[in-house]
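show me the folded form of this:
(one chain, ligands or ions: 1)
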Amino acid sequence: MKVCTTIADSRRALMGCNHPIGAILTMGALHEGHLALVRQARKECPTVVASIYVNPMQFDDQADLAIYPRDIQKDIRMLRDEGVDIVFTPIDSEMYPKEFGMWVEPGKVAGRLEGEHRPGHFRGVCTIVLKLFNTFHPDRSYFGQKDAQQLMVIRRMVEELALGIDIIAVPTVREHDGLALSSRNMNLSHAERQAAPVLYRALCLAKEFAMRGQGNTAHVREAMRECIAKEALATVDYVSIADAETLEELTAIDRPAVASLAVTIGTTRLIDNVLLAKAG
Ligand code: PAF
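Take a look at the predicted model:
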């Protein structure tokens with residue numbers, strides 16, 4: 001596996017590589033969720049490239065950026081063990097040189113949920129993802145369903161800016177108790193880790209309501225909030241039942257929908273989602 005720290009080096013390493021090239025973009029602190037992306041890419045692509053870069057421009061809170069987990073040597077070992085061909089680990093000045101001032105301004109779907117609660121988040125995500133795509137020119141890129149809104153926003157960007165890259169969604173990987181794998185889980189204390197599966201319990205409630213044909217989403221949201229309120233360490237940021245295409249909040253589950261939530265457990269903010277099928 002070649003480790004590159006500059007855009008020029010990564011481009012050189014990719015020269016003459018067989019297509020399709022599969023890309024996995026990460027912020028490091030890798031876990032089985034990331035490895036699921038790598039493994040799917042490895043099965044489908046003769047060349048697999050990964051990036052590890054904690055993008056400061058997608059954090060609206062400097063304190064959150066400062067405590068984001070980092071272990072680059074371990075990440076590199078994990079990617080090597082999975083047979084990744086090239087890993088790109090740039091420093092900030094490589095991605096945001098002095099006078100950097102060109103941004104991708106994402107549309108409406110980025111303004112809801114995470115976009116509403118973390119202003120500027122998706123502008124930062126789209127800008128760095130576009131730059132990484134321009135570095136690797138991948139044919140495919142793999143993203144976790146766990147960050148459902150990110151996936152939607154990136155799909156829109158690829159479509160609207162005609163980037164010609166297949167965006168592949170990979171199912172969320174969960175712990176035995178339902179907690180979605182996330183790098184942020186590393187920041188949970190023992191007690192917080194015990195409390196964290198409440199996110200999945202609330203999402204399962206939404207799924208049950210949808211399956212039983214409880215169409216009134218106000219009741220579903222209320223039941224989810226009540227479920228989370230029983231957990232003393234949990235504070236709800238948002239609970240949403242929205243159209244799976246537009247993320248517009250629904251009054252009834254009468255079309256493909258996504259239940260999503262953001263909950264702070266102690267001081268760690270976690271997000272998760274499940275797709276909801278209409279009953280019948
Ligand atoms: O999902 C992430 O880890 C990040 O948002 C991404 C896509 C690597 C962009 O920094």
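
from the stretch 51-200 of the chain, which residue is nearest to the ligand?
The ligand sits closest to N55 of the stretch 51-200 of the chain, with a gap of 4.0 Å, by Cβ to the nearest ligand atom. Every residue, glycine included, has its C-beta placed from N, CA and C.

doesn't G164 lie inside a helix?
No. Per DSSP: H, G, I helix; E, B strand; the rest coil, G164 lies outside any helix segment and is coil.

model confidence score at it, please.
pLDDT recorded at G164 is 98.

excluding sequence neighbours, find me the nearest residue to the residue of the stretch 51-200 of the chain closest to the ligand.
Sequence neighbours aside, I128 is the residue nearest to N55 in space, at 4.4 Å (criterion: Cβ to Cβ, 6 or more residues apart in numbering).

any part of the helix or strand containing that neighbour near the ligand?
Using DSSP states H and E, I128 sits within helix 121-136. Yes. For helix 121-136, a contact with the ligand is found by Cβ under 6 Å from any ligand atom, at V125, I128, V129.

quick one, the very next helix or strand once past that helix and helix 121-136 angle?
Later in the chain than helix 121-136, the nearest helix or strand by DSSP H and E is strand 140-144. Computed by axes from the mean of the first three to the mean of the last three Cα atoms, to 10 degrees, the angle separating strand 140-144 from helix 121-136 equals 150 degrees.

packing partners for whatever helix or strand comes next after strand 140-144?
Following strand 140-144 in sequence order, the next helix or strand is helix 148-160 (DSSP H and E). Helix 148-160 sits against helix 113-117, helix 121-136, strand 140-144, strand 166-170, strand 257-265, with contacts defined as 3 or more Cβ pairs under 8 Å, 6 or more residues apart in numbering; DSSP states H and E.

could you dump those to TSV with mean neighbour count?
Shown next, in TSV, are the helices and strands packed on helix 148-160 (neighbours: other Cβ atoms under 10 Å):
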stretch	mean neighbour count
helix 113-117	19
helix 121-136	21
strand 140-144	22
strand 166-170	16
strand 257-265	24
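
possible to save the ones you listed as JSON lines with distance to F59?
JSON lines is the format used below for these (distance: least, Cβ to Cβ, whole Å):
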{"stretch": "helix 113-117", "distance to F59": "12"}
{"stretch": "helix 121-136", "distance to F59": "7"}
{"stretch": "strand 140-144", "distance to F59": "19"}
{"stretch": "strand 166-170", "distance to F59": "23"}
{"stretch": "strand 257-265", "distance to F59": "15"}
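
of those, which is nearest S183?
strand 140-144 (11.2 Å; Cβ to Cβ).

give the partner strands of that closest one in its sheet and their orientations.
Partners of strand 140-144 in the sheet, by DSSP bridges, are strand 21-26 (parallel), strand 166-170 (parallel).

distance to the ligand for the ones you listed - can I get that in TSV?
Shown next, in TSV, are those (distance: least, Cβ to the nearest ligand atom, whole Å):
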stretch	distance to the ligand
strand 21-26	4
strand 166-170	11
